[in-house]
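Undergrad: Sharing a model that was predicted from the sequence below.
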Amino acid sequence: MTVTIECEFYIQQFYQKKSMSDKKYSPESLMMSYGYNPELSEGAIKCPIFQTSTFVFRNAQEGKAFFEIAYGKRAIRASEEMGLIYSRINNPNLEIVEKRLTLWDGAADAAVFESGMSAVSTVLMEFLKPGDIVLYSTPLYGGSHHFLNHVLSKFGIRAIGFDASDADKNIEDLLRDEDVRRKVALIYLETPANPTNTLVDIKYCADVAETLSTAEKKIIVAVDNTYLGPIWQHPLQLGADLVIYSATKYLGGHSDLTAGAVLGNSDHIQRLKVMRTFLGNMCSPNTAWLLLRSLETLKVRMDQQQANAVQVAEFLDRHERVEKVHYLGLIDRSESSKQYQIYKDQCLGSGAMVSFHIKGGEQEAFAFLNGLRLIKLAVSLGGTESLAEHPATMTHTDIPDEEKLRIGITEQLIRISIGIENAKDIIADLDRALWMINGD
């Protein structure tokens, strides 16, 4: 029995036994068991790690069929289930975590990778070809920005950025160029933007893509949803074709793994899985197992992180040594605020990422960061511990200086990922570090 068959069999049996065929459990409940049948693993309550490189076929015909599907030689038939071949292609841990990931976003399928950047790069390599143009929102995570501008250009693919703060106007201006309009193949969004928390209207971009699409050419909208995660935003329900995660962050949530994930419809994900087979950038059974562990507490962790972030943002907003705070919970709520309208339409929460401009410059920013004790000076985000970093010289150092200034990544900007510590302790650490600037 393949893992996919096992998933469906277990869920059917589970509901039959409970006589609850008309009731659907919430994702946070299904995170404990979905896709796994203990009866097929010696009754183990948790899925074991399938530490094997290869799998035995029942017969040669089965092996042939599995390889035809895995290599994209033909589509899977309605009566078929994809079986296990080799851990570079699929593995029980990988397949179970992919099934479980689909629950929060309501996706048809998911593909998991060994890092967030491998997820991003595989999407861009699969859905773009020489001569294409990709439009992308700015600010953008530094690694994605580098890949778009310095790697894709080697393959004849042009990347054009647009300012997230006025995305609709900027996109309209870009599309007045007939060459851009004709060649655009993908719209890549990161919303909220890293590190300024600027929002991009996903529905608007999906409408633009639909308008530009033809019978021969489908324009893809891909959204990096790492900042809000599957608890606070659902891009697929807003018209996006693909949602991308650095699973290293909230999905993993313990700063002990690196992984990435892409979710979408079955056709798009199957294309990515075929590409993944040849790039060899799927996650290992061990990483998949760690993700399964982490998904069980995803909502609990993220709820606590958001509750802490609200208190931290409000504290920073009142502090006399802070010039400006970027946090979704502090967006101008007037009816004329375009950002607030987007927030109301597409966000389910304000998240746990806070950035702020400290009064002063790089010297003051570094003094503050060096003065932290509870909060650790490190890049990444979404873990149980609070982290602080300096985007201009760290995660976004590769972005040209003039572009950094234009999109608000100044020497004064600090980015904080709020963890699950006691909120009063986080605030006390921030307050002490702020007052230590200039030797105070």
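TA: Great, that's in hand.

Undergrad: what does the helix or strand hosting Thr211 contact?
TA: Using DSSP states H and E, Thr211 maps to helix 202-212. With contact meaning Cβ atoms under 8 Å, 6 or more residues apart in numbering, helix 202-212 is reached by 167-168, 171, 175, 181, 184, 187, 189, 191, 219-221, 223, 235, 238-241, 345-346. Placement of C-beta: from N, CA and C, glycine included.

Undergrad: isn't His145 right next to Thr395, touching?
TA: No. In this structure His145 lies outside contact range of Thr395 using Cβ atoms under 8 Å: 9.9 Å.

Undergrad: PyMOL command for the buried members of the contacts of helix 202-212?
TA: Filtering these down to the buried ones (16 or more other Cβ atoms under 10 Å) takes a single PyMOL command:
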select buried, resi 167+171+175+184+187+189+191+219+220+221+223+235+238+239+240+241+346
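
Undergrad: can you tell me which of the contacts of helix 202-212 are in helices?
TA: Among those, DSSP state H puts Ala167, Asp168, Ile171, Arg181, Asp345, Gln346 in helices.

Undergrad: Closest to Arg77 out of the residues you listed?
TA: Of all those, Arg77 sits closest to Gln346, with 37.0 Å by Cβ to Cβ.

Undergrad: For that closest one, give me its contacts.
TA: Taking Cβ under 8 Å, 6+ apart as the contact definition, Gln346 lies against Thr191, Leu199, Asp201, Ile202, Lys203, Gln233, Pro235, Leu238.

Undergrad: Name the nearest residue to the last one, ignoring sequence neighbours.
TA: Ranked by Cβ to Cβ, 6 or more residues apart in numbering and with sequence neighbours excluded, the top spatial neighbour of Leu238 is Ile202, at 4.1 Å.

Undergrad: can you check the third one too?
TA: Distances taken as Cβ to Cβ, 6+ apart place Ile342 nearest to Asp201, at 5.0 Å, with adjacent residues excluded.

Undergrad: For the ones in helices among the contacts of helix 202-212, give me a markdown table that also has distance to Lys359 and pLDDT.
TA: Shown next, in a markdown table, are the ones in helices among the contacts of helix 202-212 (distance: Cβ to Cβ, whole Å; pLDDT from 0 to 100):
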| residue | distance to Lys359 | pLDDT |
| --- | --- | --- |
| Ala167 | 30 | 93 |
| Asp168 | 33 | 93 |
| Ile171 | 35 | 96 |
| Arg181 | 44 | 96 |
| Asp345 | 34 | 96 |
| Gln346 | 33 | 97 |
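
Undergrad: Test my guess that Leu199 contacts Gln339.
TA: Yes. Checked against Cβ under 8 Å, the pair Leu199 and Gln339 is within contact range at 5.5 Å.

Undergrad: The two: who's more crowded?
TA: Neighbour count, other Cβ atoms under 10 Å: between Leu199 and Gln339, Leu199 has more, with 27 against 19.

Undergrad: Give me the pLDDT for the more buried one.
TA: Leu199 carries a pLDDT value of 97.

Undergrad: What strand or helix carries the residue nearest to it when sequence neighbours are not counted?
TA: Among residues not flanking Leu199 along the chain, Ile342 sits closest, at 4.4 Å (Cβ to Cβ, 6+ apart). Assessed by DSSP H and E, Ile342 sits inside helix 338-346.
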